[in-house]
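*Asks:* From the sequence below, what's the structure:
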Amino acid sequence: MKTILFCQNNYAFGILNPIKKVLVHKDYQFIWFVADKIRNDFPYSEDAYTSEIKDLEAFKADAIFVPGNEIPHYLRGLKVQIFHGLAGEKKGHFRIRHYFDLYLTQGPYFTDRFKELSQIHKDFDVIETGWPKLDIYGKDKNKYNDDKLLLLREYEAEKILLYAPTFSPKLTSAPFLLDELKQLADNKDYLILLKFHPLMAQEWIDAYKSLAKEVSNILFQEEKNIIKFLLISDLLISDTSSVIYEFILLDKPVITFNNISETINWENTDDYSQLEHLVKSNLQEDVFAEKRRLIKQQFHPYEDGLSAQRMVEATETYIKKHGVPKKRKLSFLRRLKMNSKFGKASK
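*Replies:* Presented below is the predicted three-dimensional model:
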């Protein structure tokens, strides 16, 4: 099975790499598509990769795994949506854009909704597999324990707190927590890590980098893959970001500000001045532990670390049954958008 791993943003690398490992194990040929804007961030330069759509046309794939919203309709291959997050409340998460033949979902909450939509649109199928980015939770959850111990010793801290806000201008807490985080850092028992989405506005990246330079126990993290920081942190501070669910699945407490989810099963407030109090109370009492278990059952019940394998096998089986699409049928306006974004198909 010839496969394209399609990356338009750098968060896709950590989602697709577990799939790549399965493809290598199966001795399948694959190529990464790495958009020009993220080519300098690409960590797997020893693999075959390209930033040219014409190379993907020439590759003639059987399957294309996409943790994003778009894929050129004219590329050969089963177009497989594998998602870039777990935040179903985000605008557009359940929007059907008609670029994909197959949706591989993370858990029942997503599967049920997309199956309902598949009955309406009748131009894609849905299979639940789990999410490959979280395979490390099942296989190597303690991978960074030594790194955590070294950090705690170096900064003489007791707990690691992670601040990971969304980039969305309407939803981000970044403009409101600069002073609150600085005040929180007065407690030297806390080591505070800052990890921002790659699409965060530059003014807030610059502001928080300045804060980290000013305060010794606040560290701004440049590494692209957030998984390490999720694993080593004891508590997450955020807003309306899909990273909330990735952290909750580790069974650790979360504090959010103005989260827009209809069902909130963690600490949420609209009062930024409560940060210090809420951090202390959630570390000590953790009253949301039972509700976290309910989220796990609905959003990602898989603990075996085999979601990437299920994705590849589900794709193999689907192709054996339905064949490999030469292209995707789209409306004129959708085709026009893809042509504008990626260029027209080669003749």
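
*Asks:* Tell me where this structure has strands.
*Replies:* For the chain, applying DSSP state E gives strands covering 3-7, 30-34, 49-50, 63-66, 78-81, 102-105, 125-128, 159-163, 190-194, 218-220, 235-238, 254-257, 267-269.

*Asks:* Now for Lys143, how many residues are close by?
*Replies:* Using other CB atoms under 10 Å, Lys143 is surrounded by 13 other residues. C-betas here are computed from N, CA, C, even on glycine.

*Asks:* Would you confirm that it contacts Leu231?
*Replies:* Yes - counting by CB atoms under 8 Å, Lys143 touches Leu231, with 6.7 Å between them.

*Asks:* Common neighbours of the two, please.
*Replies:* Ile136 (CB atoms under 8 Å, 6 or more residues apart in numbering).

*Asks:* Quick one: closest of the strands of the chain to Ala314.
*Replies:* strand 125-128 (4.7 Å; CB to CB).

*Asks:* Report all helices and strands that that closest one contacts.
*Replies:* strand 102-105, helix 108-121, helix 307-322 (3 or more CB pairs under 8 Å, 6 or more residues apart in numbering; DSSP states H and E).

*Asks:* I'd like those as JSON lines, with mean pLDDT and distance to Glu180 appended.
*Replies:* Converted to JSON lines, those look like this (pLDDT from 0 to 100; distance: least, CB to CB, whole Å):
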{"stretch": "strand 102-105", "mean pLDDT": "98", "distance to Glu180": "36"}
{"stretch": "helix 108-121", "mean pLDDT": "94", "distance to Glu180": "31"}
{"stretch": "helix 307-322", "mean pLDDT": "98", "distance to Glu180": "36"}
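
*Asks:* Most tightly packed of these?
*Replies:* For these, the largest average neighbour count (mean count of other CB atoms under 10 Å) is found in strand 102-105, namely a mean of 24.

*Asks:* what lines up beside that strand in the sheet?
*Replies:* In the sheet, strand 102-105 lines up against strand 78-81 (parallel), strand 125-128 (parallel) (DSSP bridges).

*Asks:* Show the pLDDT at Gln8.
*Replies:* Here the pLDDT value assigned to Gln8 is 95.

*Asks:* wait, isn't it in contact with Gly68?
*Replies:* Yes - with contact defined as CB under 8 Å, Gln8 counts as touching Gly68 (4.9 Å).

*Asks:* residues shared between the contacts of these two?
*Replies:* Common neighbours of Gln8 and Gly68, using CB under 8 Å, 6+ apart, do not exist here.

*Asks:* what's near enough to touch Lys326?
*Replies:* When contacts are counted by CB under 8 Å, 6+ apart, Lys326 touches Arg76.

*Asks:* That one and Asp55: what is the separation?
*Replies:* Per CB to CB, to the nearest Å, Lys326 is found 18 Å from Asp55.

*Asks:* go on, Asp27?
*Replies:* Separation of Asp27 from Asp55 (CB to CB) stands at 21 Å.

*Asks:* Grab the CA positions of stretch 38-48 and hand them over as CSV.
*Replies:* Only the C-alpha atoms of stretch 38-48 are listed here, as CSV (Å, rounded to 0.1, in the frame of the first residue of the first chain):
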residue,chain,number,x,y,z
ILE,A,38,6.8,24.1,8.0
ARG,A,39,9.6,22.5,6.1
ASN,A,40,12.3,23.8,8.5
ASP,A,41,10.4,22.1,11.4
PHE,A,42,10.2,18.7,9.7
PRO,A,43,12.0,16.2,12.1
TYR,A,44,12.2,13.2,9.8
SER,A,45,14.4,14.4,7.0
GLU,A,46,15.8,10.9,6.6
ASP,A,47,12.4,9.8,5.2
ALA,A,48,11.2,10.5,1.7
